[in-house]
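Engineer: just a sequence and a predicted model for now, questions to come.
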Amino acid sequence: MPEVPGLPQTSGTANNLWGVTFMDLDTGMAVGDAGTILKTTNAGSTWTILTSGTTKNLWAVRFLNANTWTVVGDSGTILRSTNFGISWVSQVSGTENDLRSISFDNINNGMVVGDIGTILKTTDAGATWTSLSSGTTQNLKSIFSFDTNNKIVVGWLGHKIRTTDGGTNWTSDNSGTINNFWDVTFTDANNGTIVGQGGTILRTTGPPDFVIANLKVFLEGPYNGSGGMTTILNTNNLIPLNSEDAYDTTAYGYTAIAVAGIPNSDIVDWVLVELRTGTASNTKAAERAAFLKSDGTIVDTDGTSPVTFSGLSVGNYYVVVRHRNHLAIMTATTIPLSSSSSLYNFTTAQSQAYGTDAMKVLSGGTYGMNTGDGNQDGFVTSTDFNVFNPKFTSAASGYEYPDWNLDGFVTSTDFNFFNPNFTTAKQTFYAIRFYKIL
């Protein structure tokens, strides 16, 4: 195909123009320095200069529909028009940082990114903007949104971050370069391009070589009765920094993880997350140690991101969650896992877990993992009492297996958690084939 030269058009301004978008072949807007906003309705044959009401440099423009357009720029500038640019209303961004890129999924839900790691989110058409924690102080230059949950942002020094939960958590990906990035776009979930400094072009094709498990569970023992769990072990610095001290690597068949410190004050304890291709234990595809937060979400060792499993293909997996003194649970069916997995919430219904009555009904109509498995054999029996009793009589404290409410002490309160599960012969969904001697 022969090269088609660009056709010069008369813009009517000498100011630099930095952003442009078209909603169809004919209708578009461009923005630039000193508050410049231009619009066309004839594919650029003519451009009309609009009154923006600002002299700030403007960097990006996006349309929501024929009438509704949003513009962002320097010093936290956000402008919205609902009459195709005839008038513009300034919105309160809550930041003085320069804003560089904008994305809207629908008329109400949008995000803006900018300098010094700025990410803002709105769910009410920009009436209010909420600042999100991006985890970086680098200048962010472009955002691409797949949907309301899944987005990717690029910026200076090769920074590439992504979210799978609408911006609550951001994960940093290794881009392989320290060149500044300027823009990112995707044609579908697997095929995208990033461009940047010094002629940098990065291309991704095909599915990622990792999946994430985005999970929420409650533990019966530390459940606080109002939709969360206590963090007493964390507060008292009792959670070990190496997962080996919670889950023996030989018994469980995984690679231990060590951290320099517990990543945040919301961590309850270590858990293990296992992926299976079938219901049987011999179909295990991968297993990892991770952290459980007080709100029930299971996160990677950074304390915020969903648990990443490298080297696995996108597909359907059973997911097993284990805790060192609660009975393990597994998803009721296989669930689709990818680099942008949706949340699987065990806490909402008994039917979320494999088997019959696999979880305890907690206060408030929520569900959690049964406590009382002091020897990690998958059953709550007199053997667990035999683990508990010497620790109780010696008033043991610290990171103890029969501390079933995770308060750092082995007391009669722990027996009160154990006894109902013992008398009803609670057991996990399968017979665990290993037994840890304590």
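Structural biologist: Ah, there it is. Residues are numbered from 1 along each chain as shown.
Engineer: roughly how far does the residue most central in space within the chain sit from I212?
Structural biologist: Centrality entry for the chain: nearest residue to the mean C-alpha point is N169, 4.0 Å, by CA atoms, centre = their mean. Applying CB to CB, to the nearest Å, the value for N169 to I212 is 10 Å. (Each C-beta comes from the backbone N, C-alpha and C, glycine too.)
Engineer: related to what we said a few turns ago, pLDDT score for the residue nearest to the centre of the chain?
Structural biologist: As predicted, N169 sits at a pLDDT of 84.
Engineer: does it count as helix, strand or coil?
Structural biologist: With DSSP: H, G, I helix; E, B strand; the rest coil as the basis, N169 sits in coil.
Engineer: what's it sitting at in phi/psi?
Structural biologist: Phi and psi for N169, reported as degrees, to the nearest 10, are phi -130, psi 140.
Engineer: thought it was touching T308?
Structural biologist: No: with contact defined as CB atoms under 8 Å, N169 does not reach T308; the gap is 11.8 Å.
Engineer: check which residues of the helix or strand of the chain with the lowest mean pLDDT are buried.
Structural biologist: Lowest mean confidence among the helices and strands of the chain (mean pLDDT, DSSP states H and E): strand 171-173, at a mean of 81. By 16 or more other CB atoms under 10 Å, the buried positions in strand 171-173 come out as T171, D173.
Engineer: I'd like the next helix or strand past that strand.
Structural biologist: Counting by DSSP states H and E, the element after strand 171-173 in chain order, helix or strand, is strand 181-186.
Engineer: low-confidence bits of this protein, can you list those?
Structural biologist: Along the chain, segments meeting pLDDT under 70 span 1-6, 206-209, 430-438.
Engineer: would you mind measuring from T428 to M330?
Structural biologist: Counting by CB to CB, the gap from T428 to M330 is 9 Å.
Engineer: got any residues that touch both of these two?
Structural biologist: A358 (CB atoms under 8 Å, 6 or more residues apart in numbering).
Engineer: who's more crowded, the two?
Structural biologist: T428 (24 against 21; other CB atoms under 10 Å).
Engineer: next up, phi/psi of N282, please.
Structural biologist: Given degrees, to the nearest 10, the pair of backbone angles that N282 has is phi -80, psi 0.
Engineer: mind checking how far it is from V273?
Structural biologist: 18 Å.
Engineer: ok, now D105?
Structural biologist: Distance from D105 to V273, by CB to CB: 29 Å.
Engineer: neighbour count for the two, which is higher?
Structural biologist: V273 (23 against 16).
Engineer: which neighbours does the helix or strand encompassing that one have in its sheet, and in what orientation?
Structural biologist: Following DSSP H and E, one finds V273 within strand 267-276. Here strand 267-276 has these sheet partners by DSSP bridges: strand 284-293 (antiparallel), strand 315-323 (antiparallel).
Engineer: can you redo those as JSON lines with distance to T70 and mean neighbour count?
Structural biologist: Below are the strands paired with strand 267-276 laid out as JSON lines (distance: least, CB to CB, whole Å; neighbours: other CB atoms under 10 Å):
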{"stretch": "strand 284-293", "distance to T70": "34", "mean neighbour count": "22"}
{"stretch": "strand 315-323", "distance to T70": "38", "mean neighbour count": "21"}
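Engineer: could I get these as CSV with distance to S412?
Structural biologist: Output for the strands paired with strand 267-276, formatted as CSV (distance: least, CB to CB, whole Å):
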stretch, distance to S412
strand 284-293, 25
strand 315-323, 22
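Engineer: among these, which is nearest I267?
Structural biologist: strand 284-293 (4.9 Å; CB to CB).
Engineer: list the contacts of the closest one.
Structural biologist: By CB under 8 Å, 6+ apart, the list of residues contacting strand 284-293 reads 217, 219, 229, 243, 246-247, 252-254, 256-257, 262-264, 266-277, 298-301, 303, 307, 309, 311-312, 317, 323.
Engineer: where exactly do the helices run in the stretch 1-150 of the chain?
Structural biologist: In chain order, the stretch 1-150 of the chain shows no helices, with DSSP state H, counting those that start in this stretch as the criterion.
Engineer: again with the stretch 201-350 of the chain
Structural biologist: Listed in chain order, the helices of the stretch 201-350 of the chain (DSSP H, counting those that start in this stretch) span residues 232-235, 249-252.
Engineer: which other helices and strands does the first one contact?
Structural biologist: Here helix 232-235 touches strand 267-276, going by 3 or more CB pairs under 8 Å, 6 or more residues apart in numbering; DSSP states H and E.
Engineer: how far does stretch 177-193 sit from the chain's center?
Structural biologist: Chain-centre distance of stretch 177-193: 19 Å, with CA atoms, centre = their mean, to the nearest Å.
Engineer: please renumber the chain so that the first residue is 55 from this point on.
Structural biologist: Understood, numbering begins at 55; the last thing we discussed is stretch 231-247.
Engineer: next, the buried residues of it.
Structural biologist: T231, N233, N234, F235, W236, V238, G246.
Engineer: max pairwise distance over those: which two?
Structural biologist: So, the buried residues of stretch 231-247 by CB to CB: farthest apart are N234 and G246, at 17.6 Å.
Engineer: which residues in the stretch 55-204 of the chain form strands?
Structural biologist: 71-76, 82-86, 91-94, 102-104, 112-117, 123-127, 132-135, 143-145, 153-158, 164-168, 173-176, 184-186, 194-199 (DSSP state E, counting those that start in this stretch).
Engineer: tabulate the ones you listed in CSV, adding columns for distance to T410 and mean neighbour count.
Structural biologist: Shown next, in CSV, are the strands of the stretch 55-204 of the chain (distance: least, CB to CB, whole Å; neighbours: other CB under 10 Å):
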stretch, distance to T410, mean neighbour count
strand 71-76, 54, 16
strand 82-86, 59, 23
strand 91-94, 63, 22
strand 102-104, 65, 15
strand 112-117, 50, 23
strand 123-127, 52, 26
strand 132-135, 53, 22
strand 143-145, 53, 15
strand 153-158, 45, 23
strand 164-168, 43, 27
strand 173-176, 41, 22
strand 184-186, 41, 15
strand 194-199, 41, 23
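Engineer: okay, the ones you listed in JSON lines with distance to F476 next?
Structural biologist: Converted to JSON lines, the strands of the stretch 55-204 of the chain look like this (distance: least, CB to CB, whole Å):
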{"stretch": "strand 71-76", "distance to F476": "64"}
{"stretch": "strand 82-86", "distance to F476": "68"}
{"stretch": "strand 91-94", "distance to F476": "71"}
{"stretch": "strand 102-104", "distance to F476": "73"}
{"stretch": "strand 112-117", "distance to F476": "60"}
{"stretch": "strand 123-127", "distance to F476": "60"}
{"stretch": "strand 132-135", "distance to F476": "59"}
{"stretch": "strand 143-145", "distance to F476": "59"}
{"stretch": "strand 153-158", "distance to F476": "54"}
{"stretch": "strand 164-168", "distance to F476": "50"}
{"stretch": "strand 173-176", "distance to F476": "47"}
{"stretch": "strand 184-186", "distance to F476": "45"}
{"stretch": "strand 194-199", "distance to F476": "51"}
